[in-house]
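K.L.:
Below are the sequence and a predicted model for it; my questions follow.
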Amino acid sequence: MDVDARMREELSPRGAQRTTRGHALITGGWALRVAGMAVGLAGFLVARASFYADQLAYLDTRPVFWWLRLLAGVAAFFAGLLVFWTGRRLVVRGKQHTADIIDSFDRLTGTRYVLYLRPFSTDPEMASLPIEVPGGNWGESAFFASGLTQEEALVRRFRRFGRVIGIGSPGEPLPLTGAVRAYLPVDDWKSTVTGLIGGAHVVLLSAGPGPGTVWEFTEALRVLPPTRLVLLAYCDPATYARFRTAVAEEYARRSGTEPGAPDTGRWPPLPALPDFPPLARPRRPLWETVLNGGRSRSRWDFHLKGLVAFGPGWRGTFIRFDPSTLRLPSIVSLNRLVTRQLKPVMAQLATLPARGIDPPAADGRPS
């Protein structure tokens, strides 16, 4: 094992992982999810039947029985919900113990991989589980919430293009679920990331105004063909605007003092990052407000608000995942919306030719 690989192994949390414990947590978590769903749904159905029907039949004859039945249903619902959500968290914890970690980038030799770059500050949010089922009625829909974290959902979308690799946050006790983690020294990471960018089939970069993320974007601009970069917008419009400003400043600094693209020595022109599109219909008409429980505003939005895909000449297009375009949002219609919006991007990425077979060198050229 080379020195760099040994250092990465020392930095990684592999020593804290317990595979047997992880498998036990996953098995127990799934058992709790199933049990919680069964109890909770049964309680919900009993409580709903008691509230809407039973009181009419038993109000004059057996009011005590009606109240007891209603309270028992409500108690079973919340007990099942607690067990269900505990099971979800246990499954995620188990996956952390069984997650693969890259100790040596030699493992990438001969493989096609997707590089996922993001601000480390977003990791807690990306490690979270969805707390609701958008478009569903509160109650039974709570038991159909996804068991995937936000990062796992992203990886599932793009894993068809190769193994998704991410740089682990320094000092984290266990790797987060989603992208396969590799760990780098805090003070010596740029050359390795440059090599990883240069050899990646696709680079997913989550927008953010932090200096590390801004440097990674300008480095991808310097090293990559534009069609291999996808900019992810998990942030709000204000954060995206700060990212654009920071990118322009970093580009001006680097392009004036550092060599450009490895093949030409010149920097490509700075792309005009498109504006962040607002929701098409932030307020609902009256009939939709009634059907959506009196909510006049579209308070719910996708966690991934959209993405920017680049064409020749670094011309960027912002694809906004806008739930307000749907009259009556549901789990099915929202998923179809994202799939439909992603279709052109996925088609473009599917036509990309294979990159270098060997691990890339630090200057971004295939070794």
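P.N.:
Received it, and whenever you're ready, just let me know what you need. Since we're looking at a predicted model, the values are computed, not measured.
K.L.:
only C-alpha atoms for contact and neighbour calcs from this point on.
P.N.:
Fine.
K.L.:
The stretch 101-250 of the chain: helices as residue ranges?
P.N.:
Counting by DSSP state H, counting those that start in this stretch, one finds helices in the stretch 101-250 of the chain at the ranges 123-126, 150-158, 190-199, 211-223, 237-257.
K.L.:
looking at those, which is buried most?
P.N.:
helix 190-199 (a mean of 22; mean count of other CA atoms under 10 Å).
K.L.:
Show the average pLDDT along that one.
P.N.:
Averaging pLDDT along helix 190-199 gives 92.
K.L.:
What helices and strands are in contact with that helix?
P.N.:
If contacts are counted by 3 or more CA pairs under 8 Å, 6 or more residues apart in numbering; DSSP states H and E, helix 190-199 sits against helix 211-223.
K.L.:
quick one, the helix it packs on and helix 190-199 angle?
P.N.:
With axes from the mean of the first three to the mean of the last three CA atoms, to 10 degrees defining the directions, helix 211-223 sits at 50 degrees from helix 190-199.
K.L.:
Could you tell me the angle between the direction of helix 211-223 and that of helix 237-257?
P.N.:
Using the same axes, to 10 degrees: helix 211-223 against helix 237-257 is 60 degrees.
K.L.:
what distance separates helix 211-223 from the centre of its chain?
P.N.:
How far helix 211-223 lies from its chain's middle: 20 Å, per CA atoms, centre = their mean, to the nearest Å.
K.L.:
again, but for stretch 242-255
P.N.:
Relative to where its chain is centred, stretch 242-255 has its mean C-alpha point 25 Å off (CA atoms, centre = their mean).
K.L.:
Start the count at 101 instead of 1 going forward.
P.N.:
Sounds good: first residue 101 from here, last item stretch 342-355.
K.L.:
just to revisit the earlier point, among the helices of the stretch 201-350 of the chain, which is nearest residue 445?
P.N.:
helix 250-258 (10.7 Å; CA to CA).
K.L.:
quick revisit: distance to residue 174 added to the helices of the stretch 201-350 of the chain, as a markdown table?
P.N.:
Formatted as a markdown table, these follow (distance: least, CA to CA, whole Å):
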| stretch | distance to residue 174 |
| --- | --- |
| helix 223-226 | 31 |
| helix 250-258 | 30 |
| helix 290-299 | 52 |
| helix 311-323 | 47 |
| helix 337-357 | 40 |
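K.L.:
Tell me which of these lies nearest to residue 273.
P.N.:
helix 223-226 (12.9 Å).
K.L.:
helices or strands up against the closest one?
P.N.:
So helix 223-226, by 3+ CA pairs under 8 Å, 6+ apart, packs with helix 250-258.
K.L.:
avg pLDDT for the helix it packs on?
P.N.:
The average pLDDT within helix 250-258 is 95.
K.L.:
Now do residue 167: how many residues are near it, please.
P.N.:
18 (other CA atoms under 10 Å).
K.L.:
Pull up the distance across stretch 278-296, start to finish.
P.N.:
Start to finish, the residues bounding stretch 278-296 are 18 Å apart (CA to CA, to the nearest Å).
K.L.:
roughly how far is it from the heart of the chain?
P.N.:
For stretch 278-296, the distance to the chain centre is 19 Å (CA atoms, centre = their mean).
K.L.:
Contacts only, for residue 262.
P.N.:
211, 212, 213, 214, 301 (CA atoms under 8 Å, 6 or more residues apart in numbering).
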